[in-house]
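> Quick one: sequence and predicted model below, then my questions.
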Amino acid sequence: MICFLPVARYRVEYQVASGRPFSTFERLVLAAINDGNNTLNELAAIFAVHRRLIVEAVVTLMQAGWVSLGAKSHEFAVTAAGKVACGEQKQLPPTIVLDRRVTSIVVEKVTGQIARNNEVDFYPKAKLRKLWSSGVSIPKGDISNRIDPGMVAPLLQHDSTEWVRSIEMPYVISDNTAYIVVEVDTLNSRVMGLPEAWEPILAPEMLDRAQKRERDLVKNPTIINDRELKALVKLSQSAESDQVSDQLDPWSRISIGKADVLSKARSHLETLEYFLINATSYVGIASSFLVNSSVQKLLPLFEGALRRDLLITLVWGRHNPDSGEHRAAFEALKKLAYDSSKSASLGRLVVSNAPSGSSANILLADLPSGIEAVLGSYSWTASSTTEAEKHFSLRLRNPKLVARLCEILRDLSSTDEKLRISSGIVRLEKGAEELRAASQRTVTQNETARARLILDLEHKTIFRDTISRAKRSIDIYSAELNLGSSTGWWQQLTSTTTLPADQMRARYGHDASPEPTLSRLQGLLKHGVSLLELPRLQSNLLVIDNQLLVSSSYPWLADPLPSRRPYAVDIGIALRGEAIDNLISLDNFIGDKAP
């Protein structure tokens, strides 16, 4: 059976950079040579470092054309260009080459997934009109027409020595005019003609609609000749390319230890205070809700940071069900924001006027050691300070991951009028650029894991795939349980695993299941799934074989909150590696033993 998948096309203009900026150490070496310290021994003595580091710095300066060999072969001299570079400036001018590029992306209008233009074959409806009755059209979903720059960032290709410097807002080339021709094999449950990344989400609906059409044809016999349509189905191919992108290689090697895992309210608040005290100029916060009691405890920290002339931007995701709590918290923040805008001696607090529609909790700051972030379950302006509550957040320093969080926080901020015109947007864009540049030259040592960010529909894919491939154990922790969830998680858990009963454990914070769901509960228990309520659980964790851990705002055992956002509604981070078992002890974290 042939299905017609509606798509929209967008044009994306972006800029890539290559080359490199220069470090403070290299600037000091250039200045020392300019001052007459022109031998390797003299430079090593001045800086009291290994000669190898001096050699590396001098070679870099030679490649830039700022240092050359002097009259004697063992001496160095600063060139005319090097003297200009020294000048009066505080840092060396970077030798960076910029290149502006244009690409097109395709957005399928059923679930909102995106792909590069060359990953699909699409045809105008006018060309398909004569053949339309031979297939089945897939109806469009409630998909936003807005595509944020950060959404397309993982698709943008570049050489391995380049990084994406900036992305313009994508704009529509065509909408409601083109379709992908997809062949659906209902007998073998396969779909052909889609990008591989789209299949896990789209295949179930396309199979269902194709099967329904086939049943209708049995009831009302009709001869269909879809040979011409099958010729329009794109064959799968894996063309090799020297280009790279985050989508092609989403995993990053990171060094992470137990100190980077935050599980108590105290550790989260101490980290927030550290960021506010030590940030150089900017702290960005995304928080899922506003609660007045939590905001009141943060106000003194914010006031202290503002006295240090800090810029703080705060994006809140959703209205609190308790409207009184939300209103009081918002008014308190708005007053502090107003006071900061009228004072010449304070920094600036900028708070979003409207909800972003995201459940993400992000803390980000430009610390002296570089830009760092915290991603996890702790809602900075809503979570309780009760130590018994179980949260899970990770402190991140990897430049590639933090750059992506900068882009996401920028996009969350850009939907709000106040934040869109604040300098926070510029800080985030500049931070993302610097981090992507750093990721091209950073070699992480003592990597203990590999990590990647998980967004939105990817959660469904990773849940299904990891559950089906588990070999030893499955541990699921969800702040909410809903046995009536439309995600069908209980079916996946009972139909795709063959683990011993004591190795499938599900823990939840509270039960939001509708009645009646007894049959589903009985099915889980019969299959050997251990269910246990942990009232203080505020985290959403998926742990497979103690070698893969996914922490997210996405509730694994319930429905995610609805949103009209095009992306970054739910954000998680996946860690994999042998070190996961040592990174977190689930028994200690949860405080229970599986029965």
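It's in.

> got any ranges where the stretch 401-550 of the chain has weak pLDDT?
Applying pLDDT under 70 to the stretch 401-550 of the chain flags residues 441-446, 496-497, 501, 516.

> Same check on the stretch 1-150 of the chain?
Short version for the stretch 1-150 of the chain, where the test is pLDDT under 70: 20-21, 71-73, 88-95.

> What segments of it are strands?
Assigned by DSSP state E, counting those that start in this stretch, the stretch 1-150 of the chain shows strands spanning 2-20, 67-69, 76-78, 95-108, 114-116, 122-124, 135-137.

> which residue packs closest to Glu42, ignoring adjacent ones?
Ala32 (8.0 Å; Cβ to Cβ, 6 or more residues apart in numbering). All C-beta spots, glycine's among them, are computed from the backbone N, C-alpha and C.

> For that neighbour, give its distance to Val107.
54 Å (Cβ to Cβ, to the nearest Å).

> about what we covered before: state the number of residues packed around the residue nearest to Glu42.
By the criterion of other Cβ atoms under 10 Å, Ala32 has 19 neighbours.

> Wait, it touches Val49, no?
No: counting by Cβ atoms under 8 Å, Val49 is not a contact partner of Ala32; they are 12.0 Å apart.

> So what does Thr313 have for phi and psi?
phi -110, psi 140 (degrees, to the nearest 10).

> Does it have any beta-bridge partners, and if so which?
Taking DSSP bridges, one obtains Gly284, Val350 as the residues bridged to Thr313.

> Next, the contact list for it, please.
282-285, 349-351, 413, 419, 422, 424 (Cβ atoms under 8 Å, 6 or more residues apart in numbering).

> what about the residue nearest the centre of the chain, helix or strand, and which?
With distances taken as Cα atoms, centre = their mean, Leu453 lies nearest the centre of the chain, 4.3 Å away. Using DSSP states H and E, Leu453 sits in strand 449-455.

> Give me the contact list for that strand.
Against strand 449-455 from outside (Cβ under 8 Å, 6+ apart): 250-254, 256, 396, 398, 401, 404-405, 462, 550, 552, 554, 567-568, 570-577, 579-580, 583.

> how about it: buried residues?
449-455 (16 or more other Cβ atoms under 10 Å).

> Repeat that for stretch 279-287.
Buried, per 16+ other Cβ under 10 Å, within stretch 279-287: 279, 282-287.

> Confirm Arg215 sits in a strand?
No: when classified by DSSP: H, G, I helix; E, B strand; the rest coil, Arg215 is found to be helix rather than part of a strand.

> List phi and psi for Arg464.
phi -60, psi -50.

> can I assume it is in contact with Trp489?
No: in this structure Arg464 lies outside contact range of Trp489 using Cβ under 8 Å: 9.0 Å.

> the more surrounded of the two?
It is Trp489, of Arg464 and Trp489, that has more neighbours when counted by other Cβ under 10 Å, with 24 against 17.

> now that one: how far from Ala31?
From Trp489 to Ala31 the distance is 61 Å (Cβ to Cβ).

> Please name the bridge partners of the residue nearest to the centre of the chain.
In beta-bridge terms (that is, DSSP bridges), Leu453 pairs with Ile573.

> wait, is Leu525 part of a helix?
Yes: when classified by three-state DSSP, Leu525 is found to be part of a helix.

> Neighbours of it, how many?
The local packing of Leu525 (other Cβ under 10 Å) involves 13 other residues.
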